[in-house]
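Novice: A predicted structure for the sequence below; I have some questions about it.
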Amino acid sequence: MVDSFVFRYMREEDIDQILEVEHASFTTPWSREAFYNELNNNKFAVYIVLEEDDKIIGYCGAWIVIDEAHITNIAILPGYRGKKLGEALLQKMMSVAREMGAKSMTLEVRVTNQIAQSLYRKFGFHNGGIRKNYYSDNQEDALVMWVNL
């Protein structure tokens, strides 16, 4: 199924479609300005989109600082979930991070998000700690996960 999809770097003109994915995926979605700033002002930011027939169906962002990559967000449109596309997107970002010199990767995930945690563990991520009250919408804790690349 993944064969019909294309990965590419995010561009400024993608922000409208990215916001659709963002709003469908998160209770506290990032703003247009946040994505604009990531693309134009953050020299550490790398964003990849996953598209089918010129429609963005998912994206992943990371900050790559020296030899460490930090996943900022990863999301797939609800209608495309369960098709291994999140796996493909994460694998692509891990590959890009490796190519850019990252030796490890980290991320935060809600402690209640077992589906995402299962995906991350499948790629070798392990628990690294808890960030208390990390999520602003409900003060849920975040599980910090790490993997060596």
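Specialist: Everything's here; your move. Numbering: from 1, shown residues only.
Novice: longest strand of the protein?
Specialist: Secondary structure assigned by DSSP state E gives strand 55-65 as the longest strand of the chain.
Novice: please enumerate residues in contact with it?
Specialist: 5, 10, 14, 17-18, 20-21, 38, 42, 44-51, 69-77, 80, 85-86, 89-90, 92-93, 96-97, 100-102, 105 (C-beta atoms under 8 Å, 6 or more residues apart in numbering). Every residue, glycine included, has its C-beta placed from N, CA and C.
Novice: mind running it again at 6 Å?
Specialist: Here strand 55-65 makes contact (C-beta atoms under 6 Å, 6 or more residues apart in numbering) with 14, 17-18, 44-50, 69-74, 76-77, 80, 85, 89, 93, 97, 100, 102.
Novice: quick check: bridge partners of residue 130?
Specialist: residue 143 (DSSP bridges).
Novice: look up how far residue 74 lies from it.
Specialist: 20 Å (C-beta to C-beta, to the nearest Å).
Novice: next: residue 64.
Specialist: Distance, residue 64 to residue 74, using C-beta to C-beta: 15 Å.
Novice: before we move on, what about residue 47?
Specialist: 10 Å.
Novice: give the buried residues for the helix or strand harbouring residue 90.
Specialist: Using DSSP states H and E, residue 90 sits within helix 85-99. For helix 85-99, a neighbour-count test (16 or more other C-beta atoms under 10 Å) marks 85-86, 88-91, 93-94, 96-97 as buried.
Novice: then stretch 13-31?
Specialist: Those would be 14-15, 17-19, 21-22, 25, 29-30, for stretch 13-31 by 16+ other C-beta under 10 Å.
Novice: next step: these restricted to strands.
Specialist: Going by DSSP E, the strands hold none of the buried residues of stretch 13-31.
Novice: buried set for whichever strand or helix holds residue 71?
Specialist: Under the criterion of DSSP H and E, residue 71 resides in strand 68-76. By 16+ other C-beta under 10 Å, the buried positions in strand 68-76 come out as 68-76.
Novice: alright, calling it a day.
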